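Student: Quick check, what structure comes out for this input:
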Amino acid sequence: MKALLVNTYESEFVKTEIDKPAPKKGEVLVKIHASGVNPIDNKIRIGISPYASPVLPAVLGTDLAGVIEEIGEGVTDFKVGDEVYGLAGGVLGLQGTLAEYTAVDADLLAVKPKNLTMKQAAGIPLVLLTAWEGLIDRAKVQKGDKVLVHAGAGGVGHMVVQLAKIFGADVYATVSPAKAAIVKSFDSTPIDYTTETVEDYVNKYTDGKGFDIIYDTLGGQSLDDSFKAIRHYGQISSCYAFGTHTLATSSLRSVSIHGVFVLRPMIGNEGRKHHGDILKETTKLIEEGKLKPIIDPRKFTLDNAMEAHKAVSDGSAIGKIVVDII
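Tutor: The predicted structure is shown next:
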């Protein structure tokens, strides 16, 4: 099969012919139609995510959508011909999705929504799972909660905003003026972070009390701002809490802080079935018209996948970047 290999960190992809894998016990062989690209993919490629980096040379790529061509021993939830999607590889010893085929732990997959293309479906898993873990599993969002999402038009952010609305929350999102319309399209309130201070929007939208739940997708100053904007006994989830922070403000407010690391089930081989179960629920929500991905319209293939990696890091993406394998 054709695949893109990385031989050294920070190097270009090398298009190579390698052996097509065979599914082991509990795995399925998937013919990949599309591979989603996330900022973490590029960080792995350039060697700045040591906690997730595979042994080189390696095939990178985390998200996929494709068709099952072979079933491994013990797999009963899928059949040959099923169209599936999932967060499926590209870390440590797991083959990535920038290839024509991969053998995947069936627990990581779900049948893809019938009303989405392969390209659309491939843009969902990592960002949706990250959003779900932080908002639903950890912060336990409830109807009527006031939820603030930092970078609500971004990959993870636009999923958090939609999930919060589905669960009946009152949703606000920091965003640049150019992307405010995205947040509005989800019936949520955009906050212009370039002009409004934390004090401004806390007073304006919560009468100075603070938000019930804050989902930080940016880290750094955004997480520090969250400590100031949360109510007493509130919940903060962050998928980018990799810096050094002073917790005094949040401690005085008796705040619960949740770190979200969506690659943990693949790296640690724990909780994989939960990811598949979340995606099954996601398929229902999408088919009911309650949730939709935003996909960048540009065309990327195995021949220009480097451009896709650059696009997730240079700020040019509108929605999720996806590489078409077929």
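Student: Strands along the stretch 201-326 of the chain, start to end?
Tutor: 211-216, 230-238, 256-259, 300-301, 321-324 (DSSP state E, counting those that start in this stretch).
Student: now for those strands, which one comes closest to residue 34?
Tutor: Of all the strands of the stretch 201-326 of the chain, it is strand 321-324 that lies closest to residue 34, at 5.3 Å by C-beta to C-beta. C-beta: built from backbone N, CA, C; applies to glycine.
Student: Check the strands of the stretch 201-326 of the chain for me and report the most buried one.
Tutor: strand 211-216 (a mean of 28; mean count of other C-beta atoms under 10 Å).
Student: Now do the phi/psi pair for residue 28.
Tutor: Backbone geometry at residue 28, expressed as degrees, to the nearest 10, gives phi -130, psi 150.
Student: what sits against the closest residue to residue 285 other than its chain neighbours?
Tutor: Leaving aside its chain neighbours, residue 285 sits nearest to residue 291 (4.3 Å; criterion: C-beta to C-beta, 6 or more residues apart in numbering). Contacts for residue 291 (C-beta atoms under 8 Å, 6 or more residues apart in numbering) come out as 159, 162, 163, 166, 282, 285.
Student: now do residue 186
Tutor: 158, 161, 162, 165, 171 are the contacts of residue 186 under C-beta under 8 Å, 6+ apart.
Student: Could you rerun that using 7 Å?
Tutor: Applying C-beta atoms under 7 Å, 6 or more residues apart in numbering, one finds that residue 186 lies in contact with 161, 162, 165.
Student: Name the nearest of those relative to residue 104.
Tutor: The closest of these, once distances to residue 104 are taken by C-beta to C-beta, is residue 162, at 26.1 Å.
Student: The residue lying closest to residue 118 once chain neighbours are set aside and residue 153, how far apart?
Tutor: Spatial nearest neighbour of residue 118, chain neighbours left out: residue 33 (3.8 Å); criterion: C-beta to C-beta, 6+ apart. From residue 33 over to residue 153 the distance is 26 Å, taken as C-beta to C-beta, to the nearest Å.
Student: Between those two, point out the one with more neighbours.
Tutor: Neighbour comparison, residue 33 and residue 153: the larger count goes to residue 153, with 24 against 21 (by other C-beta atoms under 10 Å).
Student: thought the more buried one was touching residue 175?
Tutor: Yes. When contacts are counted by C-beta atoms under 7 Å, residue 153 is listed as touching residue 175 (4.9 Å).
Student: Now the common contact residues for the two.
Tutor: Listed as contacting both residue 153 and residue 175 by C-beta under 7 Å, 6+ apart are residue 183.
Student: Rounded mean pLDDT for stretch 5-24, please.
Tutor: Average pLDDT, stretch 5-24: 96.
Student: Let me know the pLDDT of the residue of the chain most remote from its centre.
Tutor: Ranked by distance from the centre of the chain (C-alpha atoms, centre = their mean), the top residue is residue 207, with 32.1 Å. You'll see residue 207 listed with a pLDDT of 98.
Student: residues touching residue 36, list them.
Tutor: Counting by C-beta under 7 Å, 6+ apart, residue 36 has contacts 62, 63, 122, 123, 125, 126, 320, 322.
Student: low-scoring stretches of the stretch 51-200 of the chain, by residue?
Tutor: Under the criterion pLDDT under 70, no range of the stretch 51-200 of the chain is flagged.
Student: Try it again at 90.
Tutor: 51, 53, 55 (pLDDT under 90).
Student: the strands in it, which residues?
Tutor: 58-59, 63-71, 83-87, 101-105, 109-111, 146-150, 170-175, 189-192.
Student: quick one, phi/psi of the residue nearest to residue 118?
Tutor: Dihedral angles (degrees, to the nearest 10) for residue 33: phi -100, psi -30.
Student: Just give the nearest non-adjacent residue to residue 228, would you?
Tutor: Using C-beta to C-beta, 6+ apart, the closest residue to residue 228 is residue 198 (4.9 Å).
Student: Could you pull up the contacting residues of the one you found?
Tutor: 225, 228, 229.
Student: Make JSON lines out of those and add neighbour count, distance to residue 14 and pLDDT.
Tutor: Formatted as JSON lines, the contacts of residue 198 follow (neighbours: other C-beta atoms under 10 Å; distance: C-beta to C-beta, whole Å; pLDDT from 0 to 100):
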{"residue": "225", "neighbour count": "21", "distance to residue 14": "42", "pLDDT": "98"}
{"residue": "228", "neighbour count": "15", "distance to residue 14": "47", "pLDDT": "97"}
{"residue": "229", "neighbour count": "23", "distance to residue 14": "46", "pLDDT": "98"}
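Student: Mind telling me which residue is nearest the centre of this protein?
Tutor: residue 127 (1.6 Å).
Student: Settle this for me: that one is touching residue 155, isn't it.
Tutor: Yes. Between residue 127 and residue 155 a contact is recorded at 4.3 Å, counting by C-beta under 7 Å.
Student: Common neighbours of these two, please.
Tutor: residue 320.
Student: Return the member of the contacts of residue 186 nearest to residue 189.
Tutor: For the contacts of residue 186, the nearest to residue 189 is residue 161 (10.0 Å; C-beta to C-beta).
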